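Could you work out the structure for the sequence below:
(one chain, ligands or ions: 1)
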Amino acid sequence: MTQERKIAVVTGGNKGIGYEICRQLAQKGVDVILTARDEARGTKACETLRKQGVPVRFHPLDVDDPGSVGRIREFVERAFGRLDILVNNAGINIDAEKTGANVDLETVSRTFRTNVYGPLLLCQAFLPLMRQRNFGRIVNVSSTMGSLAEMAGGYPAYRISKTALNALTRVLAYESMGTNIRVNSMCPGWVRTDMGGPEAERSTEEGADTAVWLATLPDGGPTGGFFRDRKRIPW
Ligand code: NAP
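Purely as a prediction, here's the structure:
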């Protein structure tokens with residue numbers, strides 16, 4: 001019997017860590033839906049991967065737009081009738097110059113819409129499909145900047161949004177107990193991307209590794225955890 005290919009949706013797949021997660025998952029034989037908010041950037045990324053012999057599909061997705069989340073859910077349900085893997089990778093970090101004492105609500109709200117509400121809506125969109133088949137792997141790409149154990153100052157909206165994303169991981173993992181749905185957070189480390197900058201210590205290949213590992217966990221694998229380099233780290 002041939003094994004059924006897993007279907008994955010990756011958000012923010014047009015560049016950086018998300019692009020690399022798509023590449024590595026597709027290389028492992030996963031049927032990847034690379035999503036991006038900008039259609040031209042997304043299709044270009046898919047074309048580049050196709051030329052490298054790594055075929056992936058494209059679908060537009062702006063995680064900050066509930067209508068767009070609804071459209072990808074409809075597409076996935078119609079085209080496949082299931083979703084096995086959801087990687088909430090898309091994220092913004094727009095408050096480098098701010099402190100907790102002066103950050104404005106518009107910045108916090110924008111950051112939350114992308115980094116927290118988007119992942120929440122996507123989980124709500126796809127969990128019913130995962131529950132139907134009792135299979136799911138949800139990976140929330142977080143950051144140790146959101147770790148309460150290592151909390152420091154600066155980047156307040158970004159930090160608080162990642163703490164909230166980690167809480168979402170815990171809530172959904174708890175609610176999925178007793179099922180074959182695994183929900184985990186991970187930190188990619190400091191990675192050379194547009195967000196991480198050129199001085200960062202890690203390549204995107206290194207940054208994507210733990211997310212890909214969590215996305216392809218075997219049955220009985222960990223759930224409700226926060227990981228870096230495939231090891232648990234403190235919340
Ligand atoms: P990046 O190069 O800036 O890429 C971010 C991706 O998210 C881009 O594809 C971007 O699309 C997409 N995105 C932003 N807003 C979106 C929206 N509303 N809808 C859909 N896509 C959206 O950043 P990265 O370094 O690869 O970061 C990926 C994830 O890793 C983020 O969650 C980030 O917080 C996390 N992380 C990164 C580092 C690091 O050192 N780089 C460290 C810890 C955690 P556009 O191209 O259209 O903007």
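
What segments of this protein are helices?
16-27, 39-51, 66-79, 105-112, 118-133, 156-175, 204-215 (DSSP state H).

helices or strands next to the shortest one in the packing?
Packed against helix 105-112 by the contact rule (3 or more CB pairs under 8 Å, 6 or more residues apart in numbering; DSSP states H and E) you find helix 156-175. All C-beta spots, glycine's among them, are computed from the backbone N, C-alpha and C.

which residues touch the helix it packs on?
Counting by CB atoms under 8 Å, 6 or more residues apart in numbering, helix 156-175 makes contact with 88, 92-95, 98-100, 103, 107-108, 110-112, 115-116, 119-120, 123, 127, 138, 140, 142-143, 145-148, 151, 182-185, 223-226, 235, all of which sit outside it.

In this structure, where is pLDDT below threshold?
Residues of the chain meeting the criterion pLDDT under 70: 1-2.

Nearest residue to the middle of it?
For the chain, the residue nearest the mean C-alpha position is residue 88 (2.0 Å; CA atoms, centre = their mean).

Any idea what that residue is bridged to?
residue 140 (DSSP bridges).

Wait, it touches residue 140, no?
Yes. Because the distance of 4.8 Å satisfies CB atoms under 8 Å, residue 88 is recorded as touching residue 140.

What residues are bridge-paired with the residue nearest to residue 210 when sequence neighbours are not counted?
Leaving out its chain neighbours, the residue that sits closest to residue 210 by CB to CB, 6 or more residues apart in numbering is residue 186, at 4.7 Å. Using DSSP bridges, the bridge partners assigned to residue 186 are residue 141, residue 227.

Contact partners for residue 186?
139-142, 210-211, 214, 226-228.

mind running it again at 6 Å?
210-211, 214, 227 (CB atoms under 6 Å, 6 or more residues apart in numbering).

Among these, which one lies nearest to residue 32?
Nearest to residue 32 among the contacts of residue 186: residue 211, at 12.6 Å, using CB to CB.
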